[in-house]
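Trainee: What shape does this take:
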Amino acid sequence: MNDNHDRTIEPIELTPESCFTFHCHPGLSCFTECCGNTTIMLSPYDILRLKRHLGLSSWEFLTKYTCLVRDEDSNLPLIILNMQQGAENRCPFLQPEGCSVYDHRPTACRYYPIGLGSLMTETGLQECHAYIQEEHCQGFNSETQWQVDSWRRNQGLEDYDEMNREWKVILLSLSARANGGLDANQQDQFFMAAYDLDRFRSLLLNSPLGKKCDLDPEKAEALQTNDDELLKIAYRYLKTVLGSEAPSSGNCTVECGRC
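Mentor: Numbers count the residues shown, from 1 in each chain. The predicted structure follows:
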């Protein structure tokens with residue numbers, strides 16, 4: 001992870017019992033300094049929440065606010081927030097008074113200053129956490145004390161973690177494939193189902209795909225407006241079409257979401 005001072009930050013590993021102090025608020029001189037010169041990776045649920053809040057289609061949101069990058073090893077298409085807003089590369093949702101999408105801010109922003117990593121073991125997906133103490137940030141000088149679970153609850157991460165869990169398994173599985181990654185057609189299917197949910201909804205409801213996914217009329221009608229359920233079906237679609245079964249133990253990705 002790189003901060004605004006081009007300094008490498010060494011994460012401090014957290015156990016469930018570990019405590020840390022942090023409190024960010026507008027009274028700090030560094031307020032919103034962490035909202036620039038960084039990379040924010042967006043999960044499908046992040047995109048869903050933001051585009052819905054902004055009243056945009058998924059494609060409109062992707063075109064206006066994001067950039068596509070490809071993982072070097074798996075060639076998977078990944079989505080990052082477009083920070084090219086002026087000379088300081090600030091978040092497009094940053095206003096003088098703070099975050100304009102705060103109630104729907106991405107997972108990485110909610111977790112900060114905690115970094116999150118995921119690991120597949122014989123018992124399934126396991127996650128690890130680390131404390132990322134950046135030198136410029138004065139929030140660490142607070143006496144407000146947290147543990148990982150209390151921070152998660154405070155930052156409204158329960159729904160995000162639940163919706164992101166299956167996504168992590170899919171990413172770990174596809175990254176672990178030994179066949180050189182996805183071909184062009186598979187990459188397009190991956191992009192559509194993971195990120196362009198409105199296009200996936202149209203395909204699901206207006207093509208034979210709906211029958212293959214066992215959509216009855218009642219469920220199909222519900223999917224017209226229920227984005228959360230649509231994303232769950234998209235995850236199942238990705239696992240079926242791309243063969244993303246659970247990877248073998250030992251595959252790990254560090255996904256603090258900010259780098």
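Trainee: Correct me if wrong: Ile80 contacts Ser43.
Mentor: No - using CB atoms under 8 Å, Ile80 and Ser43 do not qualify as a contacting pair, with a distance of 11.2 Å. Where you see a C-beta, it was placed from the backbone N, CA and C, and this is true even at glycine.
Trainee: Out of those two, name the residue with the larger neighbour count.
Mentor: Between Ile80 and Ser43, counting by other CB atoms under 10 Å, Ser43 is the more crowded of the two (24 against 16).
Trainee: how much space between the more buried one and Ile233?
Mentor: Going from Ser43 to Ile233 by CB to CB, to the nearest Å gives 16 Å.
Trainee: Over to Ser18?
Mentor: Following CB to CB, the distance that separates Ser18 from Ile233 is 37 Å.
Trainee: Show me which of those two is the more surrounded one.
Mentor: For Ser18 versus Ile233, the count of surrounding residues by other CB under 10 Å is larger for Ile233: 21 against 14.
Trainee: ok, the more buried one - contacts?
Mentor: Leu204, Cys213, Leu223 (CB atoms under 8 Å, 6 or more residues apart in numbering).
Trainee: can I get the CA coordinates of the helix or strand encompassing it in CSV?
Mentor: Taking DSSP states H and E as the definition, Ile233 sits inside helix 227-241. The C-alpha coordinates for helix 227-241 follow below in CSV (Å, rounded to 0.1, in the frame of the first residue of the first chain):
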residue,chain,number,x,y,z
ASP,A,227,-30.4,-6.2,-7.1
ASP,A,228,-29.1,-8.2,-4.1
GLU,A,229,-30.8,-11.4,-5.2
LEU,A,230,-29.7,-10.8,-8.8
LEU,A,231,-26.1,-10.5,-7.6
LYS,A,232,-26.4,-13.9,-5.8
ILE,A,233,-27.7,-15.5,-9.0
ALA,A,234,-24.8,-13.8,-10.9
TYR,A,235,-22.3,-15.5,-8.5
ARG,A,236,-23.9,-18.9,-9.1
TYR,A,237,-23.8,-18.2,-12.9
LEU,A,238,-20.1,-17.4,-12.7
LYS,A,239,-19.4,-20.6,-10.7
THR,A,240,-21.3,-22.7,-13.2
VAL,A,241,-20.2,-21.1,-16.5
